[in-house]
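Engineer: Any chance you can model this:
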Amino acid sequence: MKHKRIRPFNTRDTYPEQSLDNDLCQAVVAKGTIIFVRGQIAQDMDTSENLFPGDPAGQARKAMENIKMLLEEAGGRMEHLARIVVYLTDIRYRDAAYRAMGEYLKGIHPVSTGIVVSALARPEWLVEIEATAVIPDQEED
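Structural biologist: Below is the predicted model:
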């Protein structure tokens, strides 16, 4: 069973003034094994080195790379994503972060919530992305 995507859309149509290109949807109906991915930041998973200081696009891209890696280690794939939550420390980072994030979401259409917070756990972190994925009970080819 594939996940049922309710009202898929692309942000270029919904927010034309923002020049974004993210495939999202309003709801996802999923049955299967749930993978909860802790909020990911621009940190090397092996060395704990913080990467891309001052670069919200680089940080979002690295967070999405970490999410992809963790999903694969858990037996899932990016197309199993059902939900992402994006935390930004400044609304001005939204465009850059969402563009980078969108590179990983083409054709997937998860639900997404964006939140602006006063700070993340470390002052150098500008973007944090958490994810929920569901591996379907039976994969369709």
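Engineer: which parts of the helix ranked longest in the chain are buried?
Structural biologist: Counting residues, the longest helix found in the chain (DSSP state H) is helix 56-73. By neighbour count on 16 or more other Cβ atoms under 10 Å, the buried set for helix 56-73 is 56-68, 70-71. The C-beta positions use only the backbone N, C-alpha and C, and glycine is treated the same way.
Engineer: Now do the helix or strand of the chain with the lowest mean pLDDT: which elements does it pack against?
Structural biologist: Across the helices and strands of the chain, mean pLDDT, DSSP states H and E gives its lowest value to strand 27-29, namely a mean of 78. In terms of contacts (3 or more Cβ pairs under 8 Å, 6 or more residues apart in numbering; DSSP states H and E), strand 27-29 is packed against strand 4-6.
Engineer: Following the chain onward from the strand it packs on, which element is next?
Structural biologist: Later in the chain than strand 4-6, the nearest helix or strand by DSSP states H and E is strand 9-10.
Engineer: Just say helix, strand or coil for the residue sitting nearest the centre point of the chain.
Structural biologist: Computing the C-alpha centroid of the chain and ranking residues by Cα atoms, centre = their mean puts residue 84 first, at 4.7 Å. With DSSP: H, G, I helix; E, B strand; the rest coil as the basis, residue 84 sits in strand.
Engineer: can I assume it is in contact with residue 130?
Structural biologist: Yes - between residue 84 and residue 130 there is a contact at 6.9 Å, judged by Cβ atoms under 8 Å.
Engineer: Not counting residues beside it along the chain, what's closest to residue 95?
Structural biologist: Spatially, and ignoring its direct neighbours in sequence, residue 95 is nearest to residue 18 (6.3 Å; Cβ to Cβ, 6 or more residues apart in numbering).
Engineer: Relative to residue 55, how far out is that neighbour?
Structural biologist: Plainly put, residue 18 is 19 Å away from residue 55 if you go by Cβ to Cβ, to the nearest Å.
Engineer: do residue 106 as well
Structural biologist: For residue 106, the distance to residue 55 (Cβ to Cβ) stands at 22 Å.
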